[in-house]
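Colleague: Fold the following and give me the result.
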Amino acid sequence: MHLEILYTPGCPNRERLRRLVGETLAALGLTEQILEIPVASAGPATGLPPAVLIDGVDLEPESARLTGSPPRVYLNGTGLPDREKLRFRIARAAGLKTVLFICTGNAIRSQMAEALVNHYRKGRWVAFSAGFQPAGIHPLVVQVLREIGLDAARQETKHVDLFNNCPFDRIVSLCSEADRMCTFYPAFGNRIHLPFQDPLSASVFGFGWQGLFRKLRDEMQEILLPRLE
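Modeller: Take a look at the predicted model:
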């Protein structure tokens, strides 16, 4: 894999972009070098600065065409590409398998699954999560994962549309509503349905809220992880 950053002299986003790419590589356990190339100007054919080229291909050619001249504005409205898109493209280029977990709110089940797979299957699988009605990661997900040494506090809530045109090796719907909605997304054809109960919809009698979230965590370790060997 060849990673290049194109930048114009004095580009205000150069250092931030290099830091973003470096952090993404570290999170994936990769040590590839980043080649920084100063350019006077460039266009969609080569990458509009500031640009990330992965094996010679611009990470987000659409924003290059829309912006027209440096400094580029990415589709997220900033001068930096989306962190999750970058993570996906680098993972694919490195030959790692990718999986997208989907539940309605991307608040509990899909966030839990993402964290568990990225920890226990690191180096083989790279997990992502999204929802159809993103609601923010639930604090008890962060808490019960921290109990087993996982830090999910920086995981963000994403809408599934963010991953349009991302060819995942596997899509996993984790609730019935997400399974139903996936039928409207042709790109999500390589999909399995593996339902887990939403802790917020269960009776807390005998468990308490933390107990229900721990139960989900433990069930995912027992049932989900063996599906991604």
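Colleague: Just the strands from the chain, written as ranges.
Modeller: 3-7, 34-38, 51-54, 57-58, 97-102, 125-130, 170-173, 191-193 (DSSP state E).
Colleague: and Ala27, which of those is closest to it?
Modeller: Across those, Ala27 has its closest neighbour in strand 125-130 (9.1 Å, CB to CB). The C-beta positions use only the backbone N, C-alpha and C, and glycine is treated the same way.
Colleague: and that closest one, how far from the chain's centre?
Modeller: In this view, strand 125-130 has its centroid 5 Å away from the chain centroid, taken as CA atoms, centre = their mean, to the nearest Å.
Colleague: List the pairing partners of it within its sheet, with orientation.
Modeller: strand 97-102 (parallel) (DSSP bridges).
Colleague: Could you list the buried residues of the partner strand?
Modeller: Burial within strand 97-102, assessed by neighbour count using 16 or more other CB atoms under 10 Å, is assigned to Thr98, Val99, Leu100, Phe101, Ile102.
Colleague: Now flag whichever of these is closest to Pro226.
Modeller: Nearest to Pro226, judged by CB to CB, of these is Val99 at 13.6 Å.
Colleague: ok, Asp218 - contacts?
Modeller: By CB atoms under 8 Å, 6 or more residues apart in numbering, the contact set of Asp218 is empty.
Colleague: which one of the strands of the chain has the lowest average pLDDT?
Modeller: Note on these: strand 191-193 shows the lowest mean pLDDT, a mean of 85.
Colleague: and the buried residues of strand 97-102 as JSON lines, adding distance to Val172?
Modeller: What follows is those, written out as JSON lines (distance: CB to CB, whole Å):
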{"residue": "Thr98", "distance to Val172": "11"}
{"residue": "Val99", "distance to Val172": "6"}
{"residue": "Leu100", "distance to Val172": "7"}
{"residue": "Phe101", "distance to Val172": "5"}
{"residue": "Ile102", "distance to Val172": "7"}
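Colleague: what's the neighbour count on the closest residue to Gly105 other than its chain neighbours?
Modeller: Sequence neighbours aside, Ala135 is the residue nearest to Gly105 in space, at 3.8 Å (criterion: CB to CB, 6 or more residues apart in numbering). Residues lying near Ala135 (other CB atoms under 10 Å) number 12.
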